[in-house]
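S.K.: How does the following fold in three dimensions:
(2 chains)
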Amino acid sequence: MSIKGKAYIAGIYEHPTRLAKDISLAQIHAQCAKGALEDAGLTKDDVDGYFCAGDAPGLGPMSMVEYMGLKVRHVDSTDTGGSSYVLHVGHAAEAIASGKCKVALITLAGRPRAEGMATGTVPRSRGGTPTPDDPFEFPYGPTVVNMYANCAMRHMYEFGTTSEQLAWIKVAASHHAQYNPHALLKDVVTVEEVVNSPMISDPLHRLDCCVITDGGGAIVVVAPEIAANLKRPKVKLLGASEFIKTQMGGKVDLTYSGARFTGAAAFAEAGVKPSDMKYASIYDSFTITVLMQLEDLGFCEKGKGGAFVADGNLISGIGKLPFNTDGGGLCNNHPANRGGLTKVLEAVRQLRGEAHPKVQVKNCDLAIAHGTGGSLGLRHGSATVILERE
Amino acid sequence: MAETKERKLPPPAVSEETQAYWDAAGKGKLLVRKCTSCGQAHHYPRTICPFCFSDKTEWVEASGKGTIYSYSVMRRAPVPYAIGYVTLAEGPRMLTNIVDCDLDKLKCDQAVTVVFKPTDGGPPLPMFTPA
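M.R.: Below you'll find the model as predicted:
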C-alpha cells in the first residue's frame, strides 16, 4: 500500500513567539493546535488522531489529549528528534489510508530560551538507566555542535568543501529571513561575516549554527474526503519515508545521512525526481546539515554540495533551488530545538502561494520537506515528504 | 598549545554487559568485541554481534593503534577539547578524545595511539594521542 494521494495537509500554524517567558509548554501546544485547525476550517471535535514527540509534556499524547479536551482513536508519539514531525506527516497519512483516523493533528512546542537551556554546546547524559551508547560517548563530551562539526570536518577533508561554501547556506537563509517579520534574525549577512564569526567547534562558526527559539507549530493532515470540503488550497501528500542512521557497529561513515535512503524512497513513491522540485525545505540545524542532505536527497552528486550551494543558488528568485524561504532554522525559528515541523509549514505556504511575495516561488506545484533529528555524527532520524499542489 | 588545562572527566556509566571493557581499561588495556561467527570486530561492545546477530562474541585486546577519521576542537567549553572518531587498527571506529598535543595541528587520517585518562571516580577512559 502506498500513501500517495491518500492524505492532504489542510491546516498549518507557526507560533509567532520566539521567547515564551509567560506561556506554558502545554499552552503553546494548544495555541498551535487551535491556529492550525482554524487555518483548515476545522474544529477540535473533528480531530480523531493526535501526534506529538518528546517535546510534549508528561506522557505525550495522554497528557496533551487530556489538556486539549480531544477525543481521538489514534495516537503516535514516535520521537526521532527534530525530524519527528516530518515523520508524523507520513505516519498520519498511513493511519488515514488504513482508516484509523480522518483528521490528524500534529503539534510541537518548546521553551529552551525561557528555560535557559544550554542548547547544543553542553554534553547531555540521559540519566536514569543509561542508554547502551552512553558510557562510550558521554564522558568524551559529545555535543550537538561538535558532532555535526565532525561531519563537516570529514566532508572538507574528503571533498574539499570550504567554510565559504557552507557560509552561502546561511547567506541564502538570511536573504529570505529579511522578509519574515517573525524571524529571530532579520539581517542579511555576507559570506565574510559568517566565516569571521567566532569559531564554536571547528570548522563550524557561530553563524553556521541555527537559532535557539521558543515557540512551536502544528499541522493538520486530513483524508481526501475531508480536504474536498474545505476552502483552503489543497496540498496533497505524494510520498513519505523515514530512516534511522547509526554508527553501524563502528562502521562509522560521516559523509552521508539517512536522507540518502528517505529521499530515494519518497521520490520513488511520489513518482517524481529531485529536479522536479520547485521548492525545498531542508533541515538546517547547521549549514553542514543542509549541504549533506542536498547531496543525499539527490539534488547534486555526493561531494559536490559545496559548489551547488555557492553563489546564491539557494536564494529564491536568484538560484536554481529556493530553500527555506521563511529564513529556516538558521535565521527564523527552531522551536524546541526541533526544526522539522517548520520545514513542512513553509513547504505548504509555498504550495499554497502564501509565502512572502518577495520569496514566493512562481507556479510552485511540487515541494519537498526533509528533516534530520538527533546527531548527524552519532545517530539520527531522517524523514522526507513530497508534497503537491492540487 | 590549545590544550593547557586538564578537563575533569565524568565517569562512564558501566553496565553489566561491558564491565570487562572498563576493568581492562583500568589495567591500561583497550578491548574490542569480536564475533567468531562473522570474524568482525565492532564498537561499542555488545554480546550479540550487530553485523550478523550471532551471540558468539568475545573480547580481544586491541593494539591501541589507529588513525583519526574525523575530529572537532570544541572551543565553546571551559577547557577546549578535541572530540572525534579514531579508526582502530582492528577495524571499528570509536568516539574518543585526542589529547596531549597541539589541538590546532590535528589532521584527518593522522596516526594516533591509545592513552588512558582518569575519570572522576570511575574507570579511566581510552583516548588517543598523535603517534
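S.K.: what about the strands in the chain?
M.R.: As the question left the chain open, I've gone with chain A. Applying DSSP state E to chain A gives strands spanning A:8-14, A:49-51, A:74-76, A:103-110, A:199-201, A:204-205, A:215-222, A:235-245, A:279-282, A:366-374, A:380-389.
S.K.: Wait, chain B was what I had in mind.
M.R.: All strands of chain B, identified by DSSP E, fall at B:31-35, B:41-42, B:57-61, B:65-74, B:81-88, B:93-98, B:111-117, B:125-130.
S.K.: want to throw the ones you listed into JSON lines with mean pLDDT, mean neighbour count and distance to chain A?
M.R.: Placement of C-beta: from N, CA and C, glycine included. Shown next, in JSON lines, are the strands of chain B (pLDDT from 0 to 100; neighbours: other CB atoms under 10 Å in any protein chain shown; distance: least, CB to the nearest CB, whole Å):
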{"stretch": "strand B:31-35", "mean pLDDT": "98", "mean neighbour count": "23", "distance to chain A": "8"}
{"stretch": "strand B:41-42", "mean pLDDT": "98", "mean neighbour count": "22", "distance to chain A": "4"}
{"stretch": "strand B:57-61", "mean pLDDT": "98", "mean neighbour count": "14", "distance to chain A": "11"}
{"stretch": "strand B:65-74", "mean pLDDT": "98", "mean neighbour count": "24", "distance to chain A": "4"}
{"stretch": "strand B:81-88", "mean pLDDT": "98", "mean neighbour count": "26", "distance to chain A": "5"}
{"stretch": "strand B:93-98", "mean pLDDT": "98", "mean neighbour count": "25", "distance to chain A": "4"}
{"stretch": "strand B:111-117", "mean pLDDT": "98", "mean neighbour count": "18", "distance to chain A": "9"}
{"stretch": "strand B:125-130", "mean pLDDT": "98", "mean neighbour count": "21", "distance to chain A": "5"}
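S.K.: Skipping its backbone neighbours, what lies nearest B:Arg46 in space?
M.R.: Nearest residue to B:Arg46, sequence neighbours excluded (CB to CB, 6 or more residues apart in numbering or on different chains): B:Arg33, at 6.4 Å.
S.K.: Give the bridge partners for that neighbour, please.
M.R.: In this structure, B:Arg33 bridges to B:His42, B:Trp59 when assessed by DSSP bridges.
S.K.: Find the nearest non-adjacent residue to the residue of chain B found nearest chain A, please.
M.R.: Using CB to the nearest CB, B:Pro92 is the residue of chain B that sits closest to chain A, at 2.8 Å. Nearest residue to B:Pro92, sequence neighbours excluded (CB to CB, 6+ apart): A:Gly250, at 2.8 Å.
S.K.: Tell me the predicted confidence for that neighbour.
M.R.: For A:Gly250, the pLDDT comes out at 98.
S.K.: Please work out how many residues are found near it.
M.R.: Using other CB atoms under 10 Å in any protein chain shown, A:Gly250 has 24 other residues around it.
S.K.: just to revisit the earlier point, tell me which of the strands of chain A approaches B:Ile98 most closely.
M.R.: Proximity to B:Ile98 (CB to CB) singles out strand A:199-201 among the strands of chain A, at 13.6 Å.
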